[in-house]
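K.L.:
Any chance you can model this:
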Amino acid sequence: MSKRLQKNIALVCMLCLLCAALSGYAAMDMDAPRGQSEEVFYEKVPVFVDGTLQYSGYMIEGVAYIPIRSFCGVLDLGMVVSWDPETSMMTGTAEGVALTAGQGDAYITVNDRCFYMEKGVVNYQDKLLVSLRVACSAFGIDVDWDAETGAIGLTMADMQLCPGGSGYYDEEDLYWLSRIISAEAKNQSMEGKIGVGNVVLNRVRSGSFPNTVYDVVFDSAHGVQFSPVSLGTIYDEPNEESIAAAKICLEGCDLVGDSLYFVNPEVGVSDWFAESRTFVASVGDHDFYA
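P.N.:
Have a look, this model is predicted:
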């Protein structure tokens with residue numbers, strides 16, 4: 001190989017590396033969402049606030065993410081941001097606002113309300129990233145993405161402090177929904193927990209079942225509907241993630257469509273569901289049917 005050819009190859013390699021650095025970064029993310037190791041491409045994108053370029057975000061598989069510290073800056077409330085290395089939790093606080101996110105969690109908490117993020121809280125280059133659209137929704141901030149330029153624009157005109165959970169959730173609904181989720185799906189993923197909560201709320205809205213969470217849980221019109229009621233585990237204290245899942249369901253998050261039933265095919269009688277109901281999805285140990 002001639003020296004000139006070697007130089008040309010080296011030059012091409014350098015140009016390729018430069019283009020990659022400018023456009024984004026692909027890495028084997030050892031802190032990938034939901035605890036999985038997979039190659040994820042992080043494309044840096046500009047974030048404009050009321051028309052002014054102020055922050056950098058990341059486009060991760062089509063979802064815009066932003067460092068929590070940057071989002072606290074977007075709110076312009078003088079928030080104090082702290083990191084707890086023991087719990088891997090980051091917290092931003094100001095008068096009337098408390099935002100927390102845990103590394104690998106499937107949600108963020110704002111004023112004791114929980115908002116689900118499909119990819120979870122992402123750790124990238126020692127920064128915790130949260131879904132920009134989800135975080136903005138908690139504060140009424142309008143998000144616009146320019147497909148041509150890749151820029152993200154935030155409009156702050158309708159921003160408001162997120163109402164607290166104590167006044168937002170119905171206390172009885174949250175109490176029983178978190179307990180049935182914990183009793184039925186304590187060992188399942190967050191998505192599995194949300195699916196169980198979705199079924200209960202779908203029944204509340206259906207004319208074929210009672211119209212409150214409590215009455216759905218304890219429905220016995222055609223025999224006991226949920227085994228934890230018979231076993232007594234419905235009265236056990238729910239774990240923290242089950243409470244968060246119940247809040248996420250009450251926020252309107254829907255992962256299993258119109259499902260009215262779920263069954264573990266390994267331990268339950270699933271033939272009736274397969275023959276008479278419409279299969280929707282499998283999430284963890286449960287199959288969901290409409």
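
K.L.:
Tell me which stretches of the stretch 51-200 of the chain form strands.
P.N.:
52-60, 63-67, 80-84, 89-94, 97-102, 107-110, 113-116, 122-124, 127-131, 142-145, 152-155 (DSSP state E, counting those that start in this stretch).

K.L.:
Show me what the last one is packed up against.
P.N.:
Contact here means 3 or more Cβ pairs under 8 Å, 6 or more residues apart in numbering; DSSP states H and E; on that basis strand 152-155 packs against strand 38-49, strand 142-145. C-beta coordinates here come from the backbone N, C-alpha and C atoms, glycine included.

K.L.:
one step back: compare the strands of the stretch 51-200 of the chain and give me the one nearest Thr278.
P.N.:
strand 113-116 (24.3 Å; Cβ to Cβ).

K.L.:
returning to that earlier point: next, format the strands of the stretch 51-200 of the chain as CSV and append distance to Glu241.
P.N.:
Below are those laid out as CSV (distance: least, Cβ to Cβ, whole Å):
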stretch, distance to Glu241
strand 52-60, 23
strand 63-67, 22
strand 80-84, 18
strand 89-94, 14
strand 97-102, 11
strand 107-110, 9
strand 113-116, 10
strand 122-124, 18
strand 127-131, 18
strand 142-145, 27
strand 152-155, 30
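
K.L.:
would TSV of those strands with mean neighbour count and distance to Ile181 be doable?
P.N.:
Shown next, in TSV, are the strands of the stretch 51-200 of the chain (neighbours: other Cβ atoms under 10 Å; distance: least, Cβ to Cβ, whole Å):
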stretch	mean neighbour count	distance to Ile181
strand 52-60	17	28
strand 63-67	22	26
strand 80-84	12	26
strand 89-94	19	22
strand 97-102	20	19
strand 107-110	24	14
strand 113-116	23	12
strand 122-124	20	25
strand 127-131	23	22
strand 142-145	14	30
strand 152-155	20	33
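
K.L.:
got TSV for these, with distance to Gly223 and mean pLDDT too?
P.N.:
Output for these, formatted as TSV (distance: least, Cβ to Cβ, whole Å; pLDDT from 0 to 100):
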stretch	distance to Gly223	mean pLDDT
strand 52-60	46	96
strand 63-67	43	96
strand 80-84	47	97
strand 89-94	43	97
strand 97-102	40	97
strand 107-110	34	98
strand 113-116	32	98
strand 122-124	44	93
strand 127-131	41	96
strand 142-145	47	96
strand 152-155	52	98
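
K.L.:
circling back to that earlier point, now distance to Val200 too, for the helices and strands packed on strand 152-155, in a markdown table please.
P.N.:
Shown next, in a markdown table, are these (distance: least, Cβ to Cβ, whole Å):
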| stretch | distance to Val200 |
| --- | --- |
| strand 38-49 | 32 |
| strand 142-145 | 31 |
